[in-house]
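Asks: here is my input, please return the structure:
(4 chains)
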Number of protein chains: 2
Amino acid sequence: MSFFGDLSSKEQNGLRLILRLAETFYSKKPISLNDISKEEGISLKYLEQLMIPVKQAGWIKSQLGREGGYLMTKNPARISLREVMNLLNDNPSLVACLNGNYVCPRQKNCRSRVLWLQLKKTVDQSLDKITLTQAFKK
Amino acid sequence: MSFFGDLSSKEQNGLRLILRLAETFYSKKPISLNDISKEEGISLKYLEQLMIPVKQAGWIKSQLGREGGYLMTKNPARISLREVMNLLNDNPSLVACLNGNYVCPRQKNCRSRVLWLQLKKTVDQSLDKITLTQAFKK
DNA sequence: TAAAATACTAGTATTTAACTAGGAATTATT
DNA sequence: AATAATTCCTAGTTAAATACTAGTATTTTA
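Replies: Now for the predicted structure:
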């Protein structure tokens, strides 16, 4: 995983899935993964995998059994692209030295780190401004 | 490669290499990969690989033979982090549908694409603002 | 002529991502 | 009560990309 290449399939399909779930917040009609699978052309088994972190985020309510499915309970206007990406990538730190746990020996005077810090800051700010609702405006 | 995970080794070491080369713009003293290898703890052979795109970018002049090395000829103040990342990742398009060559069947009414477009725009703007000189300010 | 460098072309090994498989538990419909 | 449609859980497998190494030729200075 890296920062400026192409998006991974997980990120692309993950957002697709989450956007489809976001519709249920407005419609109040739950949707099953089977239906999403048909609509979006992604295999059911793979969708199940993608759902794991989404469920953990607590943004949705699930209904077991026949006629079951998922319903988004969090307002998409309050879900930013930053949250989505962090979720799908399991809270990455960009580079290890920006994470509290690890201290790099060259950290005191590291030119790269100066740039990574600025990068993370500005990109995070950009991402915070983009929310899921913006996908629903015509 | 993806957009919001951790940076790849190529991106991290590539920037490290480029920043070391940037020093030669100010000092006017060429540096060999062997020296960078020792300074930064990256194998010579790997540095040679990382150099390939950097050479292609035309930012440096190379001096063959003994006492040879590389000298950056482009002002680091005019090299943005966007250019560096695009270089190291071979001009990625973020998602295929943002590239002119490919047309996705769902493109007409694709909610994901709306967000990717906004994302690319704002992130690119952020990156353009960060230049290599910023790593040299105390 | 020897040493120190870049240049070029391959190859391998490791890791990560992408995806599949099977079955258990739950619940509405018939 | 039986069936079908669903989520849930734990693995396993395949494919692709990344990370890195190897060998050798060429150039140039001391």
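Asks: tell me which element the most centrally placed residue in chain A falls in.
Replies: With distances taken as C-alpha atoms, centre = their mean, chain A has A:Val84 as the residue nearest its mean C-alpha position (2.2 Å). Secondary structure from DSSP states H and E places A:Val84 in helix A:81-88.
Asks: helices and strands around that helix, which ones?
Replies: helix A:9-27, helix A:44-57, helix A:111-129 (3 or more C-beta pairs under 8 Å, 6 or more residues apart in numbering or on different chains; DSSP states H and E). The C-beta positions use only the backbone N, C-alpha and C, and glycine is treated the same way.
Asks: what number of residues are in the vicinity of A:Gly5?
Replies: Counted with other C-beta atoms under 10 Å in any protein chain shown, the neighbours of A:Gly5 add up to 23.
Asks: same question, A:Asn109
Replies: Neighbour tally, A:Asn109, other C-beta under 10 Å: 8.
Asks: just to revisit the earlier point, contacts only, for the residue nearest to the centre of chain A.
Replies: Residues near A:Val84 by C-beta atoms under 8 Å, 6 or more residues apart in numbering or on different chains: A:Gly14, A:Leu15, A:Ile18, A:Leu132.
Asks: residue numbers of chain A in contact with DNA strand C?
Replies: A:1, A:8-10, A:13, A:43, A:45-46, A:48-49, A:63-68 (C-beta under 7 Å from any atom of the strand).
Asks: how far away is A:Cys104 from DNA strand D?
Replies: 15 Å (C-beta to the nearest atom of the strand, to the nearest Å).
Asks: now do the contacts for that residue.
Replies: A:Ala96, A:Cys97, A:Cys110, A:Arg113.
Asks: likewise A:Leu119?
Replies: A:Phe3, A:Leu94, B:Leu81, B:Ser126, B:Leu127, B:Ile130.
Asks: wait, which of the residues you listed is closest to A:Lys38?
Replies: Each of the contacts of A:Leu119 was scored against A:Lys38 by C-beta to C-beta, and A:Phe3 proved nearest at 33.7 Å.
Asks: give me the pLDDT for that closest one.
Replies: Note for A:Phe3: predicted pLDDT of 55.
Asks: quick one: A:Gly5 is in a helix?
Replies: No. Under DSSP: H, G, I helix; E, B strand; the rest coil, A:Gly5 sits outside any helix and is assigned coil.
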